[in-house]
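J.: Sequence below, structure please.
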Amino acid sequence: MDLIGSLFVLLWVLLCAFIWLLPILFIGMSDRTSGREKVAWILAVIFISWFAWVFYLLLAPLKRRETFDYR
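T.: Numbering: from 1, shown residues only. Coordinates of the predicted model:
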């Protein structure tokens with residue numbers, strides 16, 4: 001394999017890895033969940049794949065945060 005072919009394969013692998021890591025990065029930076037729930041969603045994306053990402057977008061957060069009324 002020549003140098004250009006090797007670089008093309010490397011670029012393709014890096015692009016695929018970035019696309020695979022994208023949902024994990026989005027969940028990690030999201031404010032919709034926190035703590036253990038965020039870790040659970042990240043593990044679900046790692047082990048279940050993109051289906052968990054779709055469920056995250058539809059269902060997160062699983063529990064509503066308590067809001068305080070300061071009146």
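J.: Downstream of the longest helix seen in the chain, the next helix or strand is which one?
T.: Secondary structure of the chain per DSSP state H: the longest helix is helix 3-29. Following helix 3-29 in sequence order, the next helix or strand is helix 35-48 (DSSP states H and E).
J.: following that following helix, which helix or strand comes up?
T.: Following helix 35-48 toward the C-terminus (DSSP H and E): helix 50-59.
J.: Give me the neighbour count for residue 2.
T.: The number of residues packed near residue 2 is 7, by other CB atoms under 10 Å. No exception for glycine: its C-beta is placed from N, CA and C like everyone else's.
J.: ugh, wrong one, residue 18
T.: 10.
J.: and if you look at the one 3 residues further on?
T.: Neighbour count for residue 21, taken as other CB under 10 Å: 13.
J.: where does it land on pLDDT?
T.: At residue 21, the model reports a pLDDT of 88.
J.: One more: residue 9?
T.: Predicted confidence (pLDDT) at residue 9: the value is 93.
J.: What of the one 5 residues further on?
T.: Here, the pLDDT recorded for residue 14 equals 95.
J.: ditto for the one 4 residues further on
T.: We note a pLDDT of 90 for residue 18 in this prediction.
J.: and the gap between it and residue 12?
T.: Noted for residue 18: a distance of 11 Å to residue 12, by CB to CB, to the nearest Å.
J.: can you check residue 6 too?
T.: 11 Å.
J.: which secondary structure elements does the longest helix of the chain contact?
T.: helix 35-48, helix 50-59 (3 or more CB pairs under 8 Å, 6 or more residues apart in numbering; DSSP states H and E).
J.: That helix to helix 35-48, inter-axis angle?
T.: 150 degrees (axes from the mean of the first three to the mean of the last three CA atoms, to 10 degrees).
J.: still on that earlier bit, out of the helices and strands packed on helix 3-29, which gets nearest to residue 22?
T.: Set against residue 22 and scored by CB to CB, the helices and strands packed on helix 3-29 come closest in helix 50-59, at 8.7 Å.
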